[in-house]
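S.K.: next comes the sequence, and after it the predicted model I'd like to discuss.
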Amino acid sequence: MGRFVKATDALMAYLTKTGARETAAQVKCREETAKMPMAMMQIAPEQGAFLQVLAKLTNAKKYVEIGTFTGYSALSVALAMPPDGKLVCLDVSKEFTDKARLYWKDAGVDKKIDLRLGPGLEALDRMIANGEGPIDLAFIDADKPNYDGYYERVLKLLRPGGCVALDNMLWSGAVADPKETDEQTSALRALNAKIQTDGRVDMALATVGDGVMLAVKR
Ligand code: CA
């Protein structure tokens, strides 16, 4: 968590309760997903709220996410977008996204969401080739070694002033430990360093959840 705040269990519980406004569909999605073995792949409710605020700030009508899982992030953004908002959700898992579809339908946002199953890099390449940009907002939360590839493609799709948020950029603190040299940690550490000096964007690494890097295209 932050430099000035100790992340106690009580504080995290307070954050879940007070740090976001959740609809019934979001609560259902979050609580059912929390019982799954891969539950740690779900974003925290305050991250959903954070994405909603980003959607409002960017007046987002076109959103792309890489890594949808059981649908909480897309559900949050869809709820914050106007009725003509369009979301493209990329994921490799039919099993997880079948659950996502149920929550989206519950919330009445399923018509806004175009779910595409398959490898994210190829899907983004197709979007670029088909001229599916410009987009306003993107969220990257998938396999870490490919983050740089997702980032580069998303930058091509974003409009100037559009924003990309990248999840897990603090990786439970491992990025700050030079002894952690596994592929995932190394990929995230390198990308943080790259974005910090990337003249194509303005950036901030926010201590929301497991660390969310924000980059706004110049
Ligand atoms: Ca994540």
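M.R.: Sure thing, it's come through.

S.K.: residue 152 and the ion, how far apart?
M.R.: 19 Å (C-beta to the ion, to the nearest Å). For the C-beta atoms, the positions are set from N, CA and C on the backbone; glycine is no exception.

S.K.: wait, is that residue part of a helix?
M.R.: Yes: counting by DSSP: H, G, I helix; E, B strand; the rest coil, residue 152 is part of a helix.

S.K.: neighbours around it, how many?
M.R.: Around residue 152 there are 13 other residues, counting by other C-beta atoms under 10 Å.

S.K.: the residue most distant from the middle of this structure, which is it?
M.R.: residue 179 (27.2 Å; C-alpha atoms, centre = their mean).

S.K.: for it, give me phi and psi.
M.R.: Dihedral pair for residue 179: phi -70, psi -20, per degrees, to the nearest 10.

S.K.: adjust the sequence numbering to begin at 864 for everything that follows.
M.R.: Okay, using 864 as the starting number, the last item reads as residue 1042.

S.K.: in the chain, which strand is the longest?
M.R.: strand 1021-1029 (DSSP state E).

S.K.: hmm, it in reach of the ion?
M.R.: No: contact of strand 1021-1029 with the ion is not found when judged by C-beta under 5 Å from the ion; the minimum separation is 9.4 Å.

S.K.: quick one, the next helix or strand after that strand and strand 1021-1029 angle?
M.R.: The helix or strand immediately downstream of strand 1021-1029 is helix 1046-1059, counting by DSSP states H and E. For helix 1046-1059 against strand 1021-1029, the angle by axes from the mean of the first three to the mean of the last three C-alpha atoms, to 10 degrees is 140 degrees.

S.K.: any part of helix 1046-1059 near the ion?
M.R.: No: judged by C-beta under 5 Å from the ion, helix 1046-1059 stays clear of the ion, getting no closer than 11.1 Å.

S.K.: what helices and strands are in contact with the helix or strand just after that helix?
M.R.: Later in the chain than helix 1046-1059, the nearest helix or strand by DSSP H and E is strand 1064-1069. Secondary-structure packing of strand 1064-1069 (3 or more C-beta pairs under 8 Å, 6 or more residues apart in numbering; DSSP states H and E): helix 1046-1059, strand 1075-1080.

S.K.: at 6 Å instead, please
M.R.: If contacts are counted by 3 or more C-beta pairs under 6 Å, 6 or more residues apart in numbering; DSSP states H and E, strand 1064-1069 sits against strand 1075-1080.

S.K.: I'd like the distance from the strand it packs on to the chain centre, please.
M.R.: 11 Å (C-alpha atoms, centre = their mean, to the nearest Å).

S.K.: now that strand against strand 1064-1069, angle please.
M.R.: 170 degrees.

S.K.: next one: the residue farthest from the centre of the chain relative to residue 1032, how far apart?
M.R.: Separation of residue 1042 from residue 1032 (C-beta to C-beta, to the nearest Å): 19 Å.

S.K.: then residue 920?
M.R.: Residue 920 is 19 Å from residue 1032, by C-beta to C-beta.

S.K.: now residue 986: closest residue in space that isn't a chain neighbour?
M.R.: Spatial nearest neighbour of residue 986, chain neighbours left out: residue 953 (4.8 Å); criterion: C-beta to C-beta, 6 or more residues apart in numbering.

S.K.: report the secondary structure element holding the one you found.
M.R.: Using DSSP H and E, residue 953 falls in strand 949-954.
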